[in-house]
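Undergrad: structure here, sequence nowhere to be found:
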């Protein structure tokens, strides 16, 4: 069994200035790759940020209404293979 590793949750290219809206999961909560974990807002639309891996939300680096940019690390997941 491999060691857990941290996986960054980054903001994808949205083509516009974005603001962080909210976290949909709590610190320590288990998520599966592809689950909705956060929302961001661009002018006229809201976008979901998906979990890049399966694991637990380890860290949140942004807060409500904070301006964010493409590629910014929003938080970290602790990838846990075989844990459910």
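TA: Right, received. Where do you want to start? This structure is a prediction, so every number in the text was calculated from the model and none was measured. Numbering: from 1, shown residues only.

Undergrad: quick one: residue 40 and residue 8, what's the gap?
TA: From residue 40 across to residue 8, the span is 15 Å (Cβ to Cβ, to the nearest Å). Any C-beta I mention is one placed from the backbone N, CA and C, and that applies to glycine too.

Undergrad: low-confidence regions, the protein specifically.
TA: In the predicted model of the chain, residues 1-2, 81-84 satisfy pLDDT under 70.

Undergrad: coming back round to it: with neighbour numbers in mind, choose between residue 40 and residue 8.
TA: residue 40 (21 against 15; other Cβ atoms under 10 Å).

Undergrad: give me the distance from whichever strand or helix holds the more buried one to the chain's centre.
TA: Assignment of secondary structure by DSSP states H and E places residue 40 within strand 36-42. Distance, stretch centre to chain centre, for strand 36-42: 8 Å (Cα atoms, centre = their mean, to the nearest Å).

Undergrad: tell me the helices and strands packed up against that strand.
TA: Other helices and strands packing on strand 36-42, by 3 or more Cβ pairs under 8 Å, 6 or more residues apart in numbering; DSSP states H and E, are strand 18-23, strand 45-50, strand 73-79.

Undergrad: can you give the contact residues for the first one?
TA: The reference is to strand 18-23. Residues outside strand 18-23 that contact it (Cβ atoms under 8 Å, 6 or more residues apart in numbering): 11, 37-42, 46-47, 57, 60, 62-69, 74-75.

Undergrad: if any of the residues you listed are buried, put those into a ChimeraX selection.
TA: Entered in ChimeraX, the line below selects the buried ones among the contacts of strand 18-23, by 16 or more other Cβ atoms under 10 Å:
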select :11,37,38,40,41,47,57,60,62,68,74,75
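
Undergrad: pretty sure residue 30 contacts residue 53?
TA: No - counting by Cβ atoms under 8 Å, residue 30 stays clear of residue 53, with 11.5 Å between them.

Undergrad: where's residue 57, which helix or strand?
TA: Assessed by DSSP H and E, residue 57 sits inside strand 55-60.

Undergrad: so how many other residues sit close to residue 7?
TA: Using other Cβ under 10 Å: residue 7 sits among 18 other residues.

Undergrad: could you tell me the end-to-end distance of stretch 37-51?
TA: Terminal residues of stretch 37-51 lie 6 Å apart, using Cα to Cα, to the nearest Å.
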